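J.: Here is my input, please return the structure:
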Amino acid sequence: MPPTARYLLLSLLASVLVFGDAEAEAPSNADLYKLLLQQQELLKQQQRQIEQLKARAERAEQKVVAKSVQPQSQVPRPPIVESPRRSGDELTASVSASAMTVSSQALVVVKGDDDTGDTVGSQEITPEIAPGFNARLAWAPARSRFSYGVGAKWWSASLEDNFNGVDIVPFIGVDRNRVNRMSVDMNIDRFIGDVDSTYDFLSNGEVDLGLLAGLRVAYFRTHAQYRTLERGVSDPTEEAETDSAALFYGFGPRFGLSSKLDLGNGFGLDGSGSASVLFGQTDIATRQAREAGVASDFRTTFVPIMDADLGLTYERSTADLMTRVRLAAQLEWWSNVPDHYRIHSSSAAESQPGKDYLFFGPSASVQMSW
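T.: Numbering: from 1, shown residues only. Just a heads-up that it's a prediction; the model follows:
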């Protein structure tokens with residue numbers, strides 16, 4: 001019963017006791033004093049309840065105000081979750097141009113003739129920066145975290161250098177013709193084709209990670225030619241006429257990882273890395289070897305390839321089209337690539353173990369998705 005109602009009831013009871021009929025017994029002063037004390041206690045309880053309700057209301061008001069003025073920067077970031085499935089199909093096409101150079105022990109093309117009067121040791125042809133071209137087409141189906149793509153990479157370089165010395169000989173081939181000056185031309189052709197699938201397994205709106213698996217095919221060829229500019233001292237009738245080619249083609253599995261980081265305002269960073277091991281055939285042929293009755297070196301081998309790139313991107317989107325521009329640095333390493341016949345003694349050339357090639361340089365690309 002509310003305190004006010006109890007107060008009225010007690011007052012009414014006191015009135016009845018005091019002013020009741022004459023036959024009722026009149027309340028004593030002690031009873032009246034007890035009723036007054038009870039009334040005071042009820043008033044104190046009511047006051048305490050009012051103060052408690054007021055304090056609760058003030059605390060609730062402070063919480064509501066603090067929540068409404070909390071800065072947006074303090075809102076916690078959502079946890080990393082699985083990448084959401086796409087609502088519609090997405091087709092992406094990209095083309096890029098690169099400017100890469102190469103480093104390899106296979107570029108050593110000249111050596112001395114092992115006599116004490118040699119003026120030069122082993123020397124390599126000067127590597128140059130050469131253009132390359134990449135293209136890729138990818139399809140991401142609706143309601144799926146998978147995407148499927150095909151890509152191709154082509155790079156070709158024509159290297160040329162002149163070498164001067166006393167009785168220097170070609171390091172490639174089977175001839176030991178000694179000359180004082182020679183010109184060496186070397187062509188390097190590299191082609192890669194990829195068919196792959198990528199699974200976008202992590203995304204939080206700022207960072208995306210994907211796993212890549214697929215099949216890679218590759219073609220690699222080097223061709224070297226020597227031309228005499230000045231005959232040697234030991235035998236002035238000799239000329240260097242080496243013409244040699246080393247070829248590899250094969251295929252194998254490829255696995256990798258791709259990532260994207262949103263920097264805001266359309267800018268971002270993305271990168272990828274992959275590794276593959278190709279099984280294929282080699283063919284090493286030299287014109288002079290064929291003329292001397294030495295057959296081509298045709299055998300099977302394994303060639304590992306590792307590649308990585310890191311780029312800065314900028315993208316703009318419309319209702320139906322997203323355009324992205326990318327500037328990147330790329331690195332590509334080939335191992336156990338077939339090499340030419342090389343001179344190791346004064347009598348004959350020998351088949352060589354595979355050589356490593358390192359390609360590196362910048363690239364620029366344009367990508368469109370719709």
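J.: drop to CA atoms for contacts and neighbour counts, all remaining ones
T.: Will do.
J.: so where does Glu58 fall, helix or strand?
T.: Using DSSP states H and E, Glu58 sits within helix 29-68.
J.: State the mean pLDDT of the helix or strand just after that helix.
T.: Counting by DSSP H and E, the next helix or strand C-terminal to helix 29-68 is strand 90-103. Mean pLDDT, strand 90-103: 95.
J.: Identify each buried residue in stretch 203-210, please.
T.: Buried residues in stretch 203-210, counted by 16 or more other Cα atoms under 10 Å: 203, 207-210.
J.: which SS class is Glu230?
T.: Here Glu230 takes the strand state, with states given by DSSP: H, G, I helix; E, B strand; the rest coil.
J.: Report the contact partners of Asp339.
T.: Neighbouring residues of Asp339 by Cα atoms under 8 Å, 6 or more residues apart in numbering: 106, 246, 284, 351-355.
J.: after the worst-scoring helix or strand of the chain on mean pLDDT, next one along is what?
T.: Using mean pLDDT, DSSP states H and E, strand 349-350 stands out as the lowest-scoring helix or strand of the chain, at a mean of 50. Sequence order places strand 355-369 as the next helix or strand after strand 349-350, per DSSP H and E.
J.: And that next one, how far out from the chain middle?
T.: In terms of Cα atoms, centre = their mean, to the nearest Å, the centre of strand 355-369 is found 13 Å from the chain centre.
J.: for stretch 190-208, same thing?
T.: On Cα atoms, centre = their mean, the centre of stretch 190-208 falls 8 Å from that of its chain.
J.: for Val184, helix, strand, or coil?
T.: Taken by three-state DSSP, the conformation at Val184 corresponds to strand.
J.: Show me where the stretch 101-250 of the chain has its strands.
T.: Under the criterion DSSP state E, counting those that start in this stretch, strands of the stretch 101-250 of the chain are mapped to 108-112, 123-124, 130-140, 146-170, 179-203, 207-231, 243-264.
J.: Show me the one of these that comes nearest Ser96.
T.: The closest of these to Ser96 is strand 130-140. By Cα to Cα, the value is 5.1 Å.
J.: helices and strands around that closest one, which ones?
T.: Applying 3 or more Cα pairs under 8 Å, 6 or more residues apart in numbering; DSSP states H and E, one finds that strand 130-140 contacts strand 90-103, strand 146-170.
J.: Now do the strand or helix carrying Phe302: which elements does it pack against?
T.: Secondary structure from DSSP H and E places Phe302 in strand 297-317. Helices and strands touching strand 297-317, by 3+ Cα pairs under 8 Å, 6+ apart, are strand 267-286, strand 322-337.
J.: Pick the most deeply packed of these.
T.: Mean neighbour count, computed with mean count of other Cα atoms under 10 Å, is highest for strand 267-286 among these, reaching a mean of 19.
J.: Pull out the buried positions in the helix holding Glu58.
T.: Residues of helix 29-68 classed as buried by neighbour count (16+ other Cα under 10 Å): 35-36, 39, 42.
J.: picking that back up, redo the buried residues of stretch 203-210 as TSV? Include pLDDT and distance to Gly252.
T.: Converted to TSV, the buried residues of stretch 203-210 look like this (pLDDT from 0 to 100; distance: Cα to Cα, whole Å):
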residue	pLDDT	distance to Gly252
Ser203	78	30
Val207	89	30
Asp208	90	27
Leu209	94	24
Gly210	94	21
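J.: quick revisit: of the helices and strands packed on strand 130-140, flag the one that's most buried.
T.: Ranked by average neighbour count under the criterion mean count of other Cα under 10 Å, the helices and strands packed on strand 130-140 are headed by strand 146-170 at a mean of 20.
J.: Given that one, what are its sheet partners and their directions?
T.: Paired strands of strand 146-170, with direction, are strand 108-112 (antiparallel), strand 130-140 (antiparallel), strand 179-203 (antiparallel) (DSSP bridges).
J.: Using CSV, list the CA coordinates for the first one.
T.: Taking Å, rounded to 0.1, in the frame of the first residue of the first chain, the C-alpha atoms of strand 108-112 are listed here in CSV:
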residue,chain,number,x,y,z
VAL,A,108,79.3,-15.2,-69.4
VAL,A,109,80.2,-15.6,-73.1
VAL,A,110,84.0,-15.0,-73.4
LYS,A,111,87.1,-16.4,-71.7
GLY,A,112,90.8,-16.6,-72.2
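J.: got the angle between that strand and strand 207-231?
T.: Interaxial angle, strand 108-112 versus strand 207-231 (axes from the mean of the first three to the mean of the last three Cα atoms, to 10 degrees): 40 degrees.
J.: Relative to the whole chain's centre, how far out is strand 108-112?
T.: 39 Å.
J.: care to break the protein down by domain?
T.: According to automatic domain parsing, the chain comprises the domains 3-70, 90-369.
J.: which stretch in these is the model least sure about?
T.: The stretch with the lowest mean pLDDT among the domains of the chain is domain 3-70, at a mean of 67.
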